[in-house]
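**Student:** Have a look at this fold, sequence not included:
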């Protein structure tokens, strides 16, 4: 099997340099999540360029070293650990699935700050890990409540990939459904890279579900959307996803996105000043043919901002000192002015409905002050 290689942009990466602060950017370059890898890279690079233009971090140039987070989790962990052990990088950030985070964090988080940007199942408490991401209690619970009230959804069917994030999120969804006088009437977990959804679609139909909770990653969700619409289930059953961005909508196609809802802390279609400013800078830097900067890619912009803010606040790279100062950290980005609490970013959460190849934001589900 071909082993993915670290992407090294310049010879300077071979050794550490006191004039730079080197950060491993871990994002998927292959597999189901590879569909939004390009926007992860672009958004993180924009953040690094803006930070450097403003003076860098501790007076040093922030430089990103890209690592393929779509490889086998243990392989990713070994690669990242090697970069930390040799002193090549002084921090880690990026979007990658929870299986990768669980492999990486024990090896490096007590040694360098690690900012994890993917929405996840909650409960991460490893020293040195900081999250910009959404969790089910902030994101899924209010979305399910709203759809229960507005659309009368009572019978949920969970379709997810077979790893920790979908399974633990489904556990929470069972409780949320009961709290709304409904229930989860079926669950199905599929391997990453699945292509055949015939059996699960039959189970959804036989369960008489009126809502499907999609916990599928990237291109797996794209293929499910297409198969779901082709089966005609989109005429009788809505879909709710906590991991669905504009790139995935475009790949699904307009015929496959009817009655599809997504919940996230950022949508490119938000018409507030923070989002418009970010969109303008992104478009000016990468052009009109760049991948859409949806919530998954934009989270990598947030990750770089938060990592820089943590180090600047502590005035050191020491993980214990960074952790001690973390609750006083704030930064301003595309999601507005945000602060840390218990090493998680508290942020606004929105519910949006797919409208062809874009999202129509319907409601703000939570504001930062609701979460403190």
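**Tutor:** Received it, and whenever you're ready, just let me know what you need. It should be emphasised that the depicted structure is a prediction, and the values quoted were computed from it without experimental measurement.
**Student:** tell me the contacts of residue 154?
**Tutor:** Contact analysis of residue 154 by Cβ atoms under 8 Å, 6 or more residues apart in numbering lists 148, 177, 180-183, 210. No exception for glycine: its C-beta is placed from N, CA and C like everyone else's.
**Student:** Is it possible to get JSON lines of the residues you listed that adds pLDDT?
**Tutor:** Formatted as JSON lines, the contacts of residue 154 follow (pLDDT from 0 to 100):
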{"residue": "148", "pLDDT": "96"}
{"residue": "177", "pLDDT": "97"}
{"residue": "180", "pLDDT": "89"}
{"residue": "181", "pLDDT": "91"}
{"residue": "182", "pLDDT": "95"}
{"residue": "183", "pLDDT": "96"}
{"residue": "210", "pLDDT": "95"}
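**Student:** So which of the residues you listed belong to strands?
**Tutor:** residue 183 (DSSP state E).
**Student:** Make a ChimeraX selection of the buried ones in the contacts of residue 154.
**Tutor:** Here is the ChimeraX command that selects only those of the contacts of residue 154 that count as buried (16 or more other Cβ atoms under 10 Å):
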select :148,177,180,182,210
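**Student:** So which of the contacts of residue 154 belong to helices?
**Tutor:** Of the positions in these, 148, 177 sit in helices, assigned by DSSP state H.
**Student:** Residue 332: neighbour count?
**Tutor:** Residues within reach of residue 332, counting by other Cβ atoms under 10 Å, total 11.
**Student:** Kindly apply the preceding question to residue 120 instead.
**Tutor:** Using other Cβ under 10 Å: residue 120 sits among 22 other residues.
**Student:** Quickly note the distance from the nearest residue in space to it that is not next to it in sequence to residue 168.
**Tutor:** Using Cβ to Cβ, 6 or more residues apart in numbering and skipping the chain neighbours, the partner closest in space to residue 120 is residue 98 (5.1 Å). Residue 98 sits 8 Å away from residue 168, going by Cβ to Cβ, to the nearest Å.
**Student:** Could you check which of those two has the larger neighbour count?
**Tutor:** Shown here are residue 98 and residue 168; by other Cβ under 10 Å, residue 98 has more neighbours (22 against 18).
**Student:** Provide a list of residues in contact with the more buried one.
**Tutor:** Contacts of residue 98 (Cβ under 8 Å, 6+ apart): 118, 120-121, 163-165.
**Student:** Which of the contacts of residue 154 sits closest to residue 278?
**Tutor:** Set against residue 278, the nearest of these by Cβ to Cβ is residue 148 (32.6 Å).
**Student:** Mind jotting down where the helices sit in the stretch 101-250 of the chain?
**Tutor:** Assigned by DSSP state H, counting those that start in this stretch, the helices in the stretch 101-250 of the chain fall at 136-151, 164-179, 198-207, 219-231, 246-252.
**Student:** between those helices, which gets nearest to residue 90?
**Tutor:** helix 164-179 (27.8 Å).
**Student:** in that closest one, what's buried?
**Tutor:** Neighbour-count burial for helix 164-179, counted by 16+ other Cβ under 10 Å, picks out 164-170, 172-173, 176-177.
**Student:** Need those residues in CSV (columns: distance to residue 342).
**Tutor:** Formatted as CSV, those follow (distance: Cβ to Cβ, whole Å):
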residue, distance to residue 342
164, 20
165, 19
166, 24
167, 23
168, 18
169, 19
170, 24
172, 18
173, 23
176, 21
177, 26
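**Student:** Of all pairs in these, which one is the farthest apart?
**Tutor:** Applying Cβ to Cβ across the buried residues of helix 164-179, the maximum distance is between 164 and 177, 20.3 Å.
**Student:** Phi first, then psi, for the most centrally placed residue in the chain.
**Tutor:** Centroid check for the chain by Cα atoms, centre = their mean gives residue 118 as the closest residue, at 2.8 Å. Recorded main-chain torsions at residue 118 are phi -80, psi 140, according to degrees, to the nearest 10.
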